[in-house]
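**Student:** need a structure here:
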Amino acid sequence: MPSDRRFHPLTILFALGGELRNFLFPAILATMTASQGNGVERFLLVFLVPGALAAVARYLSSTYRYDATELVVRTGILFRNERHIPFARIQSVDAVQNVLHRLWGVVDVKVQTGTTGEAEATLSVLPLSALEEMRGHVFAGRAPAPEARALVEGRSDDAALPPALAATAVLQLTTGDNALAGLLDNRGWVVIGAAFGLAMESGLMDRADGLDTDAWPVYASVVVGLFVIAPLLSMVWAMVRLHGFRLTQHDEDLRTEYGALTRVTATIPLRRIQALKIIQGPGHQWTGRASIRAETAGGSSAGRASSEREWIAPIIRLADVPAFVDVVLPDASLAALPWQGVDAKAYRRKRVVALLGSALLGGATTPWLGLWPATGITAVLVVWSLINARLYVAALGWAHTDRVLAFRSGWIRRVVTVVPLSKIQAVELDESPFDRRHAMASLRVDTAGAGAHRIDIPYLSRPTAEDARVTLAREAAGTPFHW
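**Tutor:** This next block holds a predicted model:
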């Protein structure tokens with residue numbers, strides 16, 4: 001019978017580090033607010049003792065082993081838990097290394113089966129050699145997939161791996177790519193916004209207003225913060241988080257590796273991909289870039305780890321997108337999709353809604369601004385609403401081949417969603433009272449994990465929507481479903 005294996009002894013140290021991290025802020029706060037010399041900080045250290053004992057107990061009671069067809073993980077002392085995970089159900093073996101992990105040559109391992117957004121089992125902490133051994137046990141004997149076409153020049157550094165795990169480069173980001181991704185994402189605005197909110201709550205902005213002529217430096221600093229410091233923070237953050245980003249294909253799986261401080265290695269099985277989303281914000285459109293997300297069966301948008309691992313291309317040149325999609329979804333043929341627009345009455349309906357909304361919003365400002373200013377605001381809203389309605393409807397499109405269904409929407413933030421017919425779970429028509437009045441309908445297509453992986457095509461003529469529903473349902477029913 002295979003012998004049980006313990007985690008790395010450093011598991012105790014890392015568990016204590018986690019306890020100390022949770023304890024640190026309350027301890028600092030208590031020390032700062034306590035009377036001098038009363039020894040409160042030494043008293044608080046007593047609360048670390050249960051955590052230390054629990055860490056030792058978890059290490060001594062946690063084991064794993066490889067049976068002939070499954071991974072077995074045992075945890076607990078009083079309440080024992082023995083989890084049996086068949087190798088055939090394991091979709092990925094992901095690894096996370098922070099700076100201390102890398103210093104000591106260890107790793108946290110997350111075993112994913114795709115049933116939820118959370119890991120099926122987390123093994124913390126293992127030696128790096130145990131990670132490769134686990135991958136060997138889990139993926140041994142799986143049929144290899146055809147080689148991916150490389151989009152990025154460069155030789156793989158995985159030559160030492162067994163032939164079954166040899167990698168083909170799909171995408172590799174440079175430091176400049178990472179910086180541009182951070183600039184387009186611009187999460188630094190969150191930090192600057194928080195700082196601005198703190199300044200308002202603390203009364204700093206009120207005091208600046210009272211300084212009359214000296215108020216301008218405060219407002220200038222806000223502008224500099226939003227348009228200079230925030231973008232720089234976003235770029236630095238992205239360069240650290242995405243450092244060394246590389247996407248490779250290992251037989252049936254895509255593997256992403258990235259991170260300067262915390263190194264993440266995540267795997268997405270190609271057969272689990274339910275949909276691809278190609279996203280372009282305004283900055284992406286100006287720079288000729290896009291971001292690509294692969295939505296997987298069992299994925300959960302609520303799970304941060306799941307969400308992060310599904311961004312298979314944080315940034316990519318728009319010209320490279322069709323070839324990239326051919327690697328991930330070989331049947332998509334993105335460049336040759338026969339795009340169709342929505343019903344001609346769509347703009348008329350969107351225009352009516354836009355005009356009514358503008359009139360109501362503009363009219364609501366009359367009591368505060370007066371008749372003529374409110375009229376000017378209403379006129380601006382009407383013009384903007386008409387332009388937005390026209391461009392929104394023009395951007396809508398859908399395409400259907402014998403292998404995939406695709407939908408595009410948005411003109412400020414463009415999104416193209418591609419779903420293989422073999423992943424379709426349900427097809428339905430929706431008709432609002434306004435749809436029925438205009439002989440129109442919306443076509444909705446669900447895949448596994450319907451809430452996150454839905455295609456919803458509005459403003460189709462009723463006959464077109466019904467024909468598409470019948471055709472998609474028939475073709476999906478005749479296509480083998482591969483979970």
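**Student:** show me what contacts M239?
**Tutor:** M239 sits next to 175, 178-179, 182, 260 when contact means C-beta atoms under 8 Å, 6 or more residues apart in numbering. To be clear about C-beta, it is placed using only N, CA and C from the backbone, and glycine gets the same treatment.
**Student:** and these, which of them are buried?
**Tutor:** The neighbour count (16 or more other C-beta atoms under 10 Å) marks 178-179, 182 as buried among these.
**Student:** mind checking which of the contacts of M239 land in strands?
**Tutor:** With strands defined by DSSP state E, no entry of the contacts of M239 lies inside them.
**Student:** which ones are touching L429?
**Tutor:** L429 neighbours (C-beta under 8 Å, 6+ apart): 441-444, 465-466, 469.
**Student:** among these, who's most crowded?
**Tutor:** Highest neighbour count within the contacts of L429: A441, with 26 neighbours (other C-beta atoms under 10 Å).
**Student:** for it, which three-state class applies?
**Tutor:** What DSSP: H, G, I helix; E, B strand; the rest coil gives for A441 is strand.
**Student:** touching, it and E431? I think so.
**Tutor:** Yes: with contacts counted by C-beta atoms under 8 Å, A441 reaches E431, the gap being 4.8 Å.
**Student:** residue contacts, the nearest residue to L396 once chain neighbours are set aside?
**Tutor:** Excluding the flanking residues, the one nearest L396 by C-beta to C-beta, 6 or more residues apart in numbering is V342, at 4.8 Å. Taking C-beta under 8 Å, 6+ apart, we find V342 in contact with 393, 396-398, 457-460.
**Student:** out of these, which sit inside strands?
**Tutor:** Those of the contacts of V342 mapping onto strands are 397-398, 457-460, per DSSP E.
**Student:** export these as TSV, with columns for pLDDT, neighbour count and distance to D108.
**Tutor:** Output for the ones in strands among the contacts of V342, formatted as TSV (pLDDT from 0 to 100; neighbours: other C-beta atoms under 10 Å; distance: C-beta to C-beta, whole Å):
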residue	pLDDT	neighbour count	distance to D108
G397	96	16	43
W398	97	22	42
I457	95	23	42
P458	95	22	44
Y459	95	21	48
L460	96	25	48
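**Student:** with distance to V418 as extra columns, can I get those residues in a markdown table?
**Tutor:** What follows is those, written out as a markdown table (distance: C-beta to C-beta, whole Å):
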| residue | distance to V418 |
| --- | --- |
| G397 | 12 |
| W398 | 11 |
| I457 | 13 |
| P458 | 18 |
| Y459 | 20 |
| L460 | 18 |
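**Student:** quickly find the element holding the closest residue to N186 other than its chain neighbours.
**Tutor:** Nearest residue to N186 in three dimensions, chain neighbours excluded: S234, at 4.7 Å (C-beta to C-beta, 6+ apart). With secondary structure defined by DSSP states H and E, S234 is part of helix 230-241.
**Student:** and the residue nearest to L10 when sequence neighbours are not counted, how far from T256?
**Tutor:** Closest residue in space to L10, ignoring its immediate chain neighbours: V125 at 5.2 Å, by C-beta to C-beta, 6+ apart. Distance, V125 to T256, using C-beta to C-beta, to the nearest Å: 22 Å.
**Student:** how about T287?
**Tutor:** 22 Å.
**Student:** which of these two has more neighbours?
**Tutor:** Higher neighbour count among T287 and T256: T256, with 25 against 15, using other C-beta under 10 Å.
**Student:** how about the more buried one, secondary structure?
**Tutor:** Secondary structure state of T256, per three-state DSSP, is strand.
**Student:** quick one: it and Q249 touch, right?
**Tutor:** No: applying C-beta under 8 Å, one finds T256 not in contact with Q249, separated by 11.0 Å.
**Student:** tell me which helix or strand comes right after the helix or strand bottoming out on mean pLDDT in the chain.
**Tutor:** In the chain, no helix or strand scores lower on mean pLDDT, DSSP states H and E than helix 304-309, which sits at a mean of 51. Remark: after helix 304-309, the chain's next helix or strand is strand 311-317, criterion DSSP H and E.
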